[in-house]
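> Everything below, folded, please.
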Amino acid sequence: MEKLNKETEIQIELSDETAQGIYSNLAVISHSSSEFVIDFIRVVPGVSKAKVKSRIILTPEHAKRLIMALKENIEKFEQQNGSISVHSDLGFLPPLGGIGQA
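Alright, predicted model coming up:
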């Protein structure tokens, strides 16, 4: 078993630029028969256009693994920090106030 772990170990590098991250408050997900596409978007209040900041393309298997990993991490987060409330009356868009509102 130890030999298998050493053979499958992957060293992951994170550049300084990527480590900064990209803020997103909207994700649009689409799919075909062979892949899932997730577009991460930043919506700014008072601005009628929003640009896609990042696009991630996943196989269906990886998309399912992502959901499972997110679910596990959300459960751990809520155990430590309390329940995350999602206001269903807002739909899929983040709150969009007028100019100068946050």
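> switch to C-alpha atoms for all contacts and neighbour counts from now on
Fine.
> residue ranges of the helices in this protein, please?
2-8, 16-19, 60-81 (DSSP state H).
> Which one of those helices lies nearest to residue 32?
helix 60-81 (9.3 Å; C-alpha to C-alpha).
> What are the buried residues along the closest one?
Neighbour counts using 16 or more other C-alpha atoms under 10 Å place 60, 63 of helix 60-81 among the buried residues.
> cool, stretch 16-30 as well?
Neighbour count says stretch 16-30 has 26-27 buried, by 16+ other C-alpha under 10 Å.
> Compare the helices of the chain and give me the one nearest residue 53.
For these, proximity to residue 53 was assessed by C-alpha to C-alpha; helix 16-19 is nearest, at 12.6 Å.
> Distance of residue 38 relative to residue 77?
Here the criterion is C-alpha to C-alpha, to the nearest Å. By it, residue 38 lies 23 Å from residue 77.
> pLDDT weak spots in the protein?
For the chain, applying pLDDT under 70 flags the ranges 1-6, 88-102.
> what's stretch 28-37 in contact with?
Identification of contacts with stretch 28-37 by C-alpha atoms under 8 Å, 6 or more residues apart in numbering yields 38-41, 55-60, 63.
> of those residues, closest to residue 47?
For the contacts of stretch 28-37, the minimum distance to residue 47 (C-alpha to C-alpha) is 13.0 Å, reached by residue 41.
> Report the contact partners of the closest one.
Counting by C-alpha under 8 Å, 6+ apart, residue 41 touches 24-28, 50-54.
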